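No sequence on hand, only this structure:
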């Protein structure tokens, strides 16, 4: 079984749970195969895309997620990065990391690797991923 969890970057640091301020970047990982990336700017604009697989492809259920307009989301994310972090990146670099709308398998074995590549590209620190030792007893 892979990692399940939600991490949020806001106010200059990573934390577990939900956002406490804008701008924020939220990464929700499902079984190390899907990462849902939500980003919001101070003016409440933002978007959502996936790393690894889109849920509709992964679960073979067309209604599990709306197909992502990867070009629009790559543009939106690069604007968020520029405004929130101050890093200039090319949309094509982000697009290469996004889940394939057609369902092509991802290049990384676990989606956490892709998340880290996206964060490095954006000039953000990588989170400390919880381990089994961090789980509650039982």
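That came through fine. Not measured: the values here are computed from a predicted model. Residues are numbered from 1 along each chain as shown.

show me where this protein has strands.
Assigned by DSSP state E, the strands in the chain fall at 5-10, 13-16, 24-30, 34-40, 46-52.

center of the protein, which residue is that?
Nearest residue to the geometric centre of the chain (Cα atoms, centre = their mean): residue 37, 2.9 Å.

And the residue lying closest to residue 83 once chain neighbours are set aside, how far from residue 60?
In this structure, residue 83 finds its nearest non-sequential neighbour in residue 41, 5.8 Å apart by Cβ to Cβ, 6 or more residues apart in numbering. Every residue, glycine included, has its C-beta placed from N, CA and C. Per Cβ to Cβ, to the nearest Å, residue 41 is found 34 Å from residue 60.

higher neighbour count, those two?
residue 41 (16 against 9; other Cβ atoms under 10 Å).

By mean pLDDT, flag the weakest helix or strand of this structure.
Lowest by mean pLDDT, DSSP states H and E among the helices and strands of the chain is strand 13-16, with a mean of 92.

what pairs with that one, and is each one parallel or antiparallel?
strand 5-10 (antiparallel) (DSSP bridges).

And stretch 98-105, what's buried?
Buried residues in stretch 98-105, counting neighbours by 16 or more other Cβ atoms under 10 Å, are found at 98, 99.

actually stretch 31-45, not the one I wrote
If you call a residue buried by 16+ other Cβ under 10 Å, then stretch 31-45 has these buried ones: 32, 33, 34, 35, 36, 37, 38, 39, 40, 41.

Next up, phi/psi of the last one, please.
In this case it means residue 41. phi -100, psi 170 (degrees, to the nearest 10).

can you pull the contacts of it?
22, 23, 79, 80, 83, 84 (Cβ atoms under 8 Å, 6 or more residues apart in numbering).

Can you give me the distance of the first one to residue 7?
Note on residue 22: its distance to residue 7, by Cβ to Cβ, is 16 Å.

More neighbours: which of these two?
Per other Cβ under 10 Å, whichever of residue 22 and residue 7 has more neighbours is residue 7, with 19 against 16.
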